[in-house]
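> pasted the sequence and its predicted model underneath.
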Amino acid sequence: MELSVTELSKRLPDALDAAKSGEDVVITEGGIAVARLSGVGSADLLTRLHSEGLISPPAESRAVPRLPQAEAAKDALSSLLGRLRR
């Protein structure tokens, strides 16, 4: 599929559907190709792995725990930068 920038703004949902289905969408400006819109393969891979039961989404959103070593390293780095700035 080939669309001008003006057409792309009017037909963006169509262009996205084409890219999702594997078609490359070439975007032109003044008749010259300037960009290409294509689907992201990893999104399909994750969907396929989920449908095959190989992966599952997290049960709930959770924060990553902070490790004491990381906090100590951050404090040491802040202290070092403070001394260097003096």
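That came through, no problem.
> all helices of this protein, in order?
Secondary structure of the chain (DSSP state H): helices at 5-10, 12-20, 41-51, 68-85.
> mind putting the ones you listed into a markdown table with mean neighbour count?
Using the backbone N, CA and C atoms, a C-beta is placed for each residue, glycine as well. Listed next are those as a markdown table, based on neighbours: other Cβ atoms under 10 Å:
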| stretch | mean neighbour count |
| --- | --- |
| helix 5-10 | 13 |
| helix 12-20 | 14 |
| helix 41-51 | 11 |
| helix 68-85 | 9 |
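> contacts only, for Leu49.
Ile55 (Cβ atoms under 8 Å, 6 or more residues apart in numbering).
> pLDDT score for it?
pLDDT for Leu49: 86.
> coming back round to it: out of the helices of the chain, which gets nearest to Ile27?
helix 5-10 (5.6 Å; Cβ to Cβ).
> same question for the closest one, mean pLDDT?
Here the average pLDDT along helix 5-10 is 91.
> what do you get for stretch 24-39?
The pLDDT scores in stretch 24-39 average 91.
> rewinding a little: right, and the helices of the chain - which one's nearest Glu29?
That would be helix 5-10 among those, by Cβ to Cβ, at 5.3 Å.
> how about residues contacting the closest one?
By Cβ under 8 Å, 6+ apart, helix 5-10 touches Ala15, Val25, Ile27, Thr28, Glu29, Val34.
> the same query, at a cut-off of 6 Å, please.
Ala15, Ile27, Glu29 (Cβ atoms under 6 Å, 6 or more residues apart in numbering).
> try stretch 20-38
Contacts of stretch 20-38 (Cβ under 6 Å, 6+ apart): Met1, Glu2, Leu3, Ser4, Val5, Leu8, Ala15, Ala18, Ala19, Gly39.
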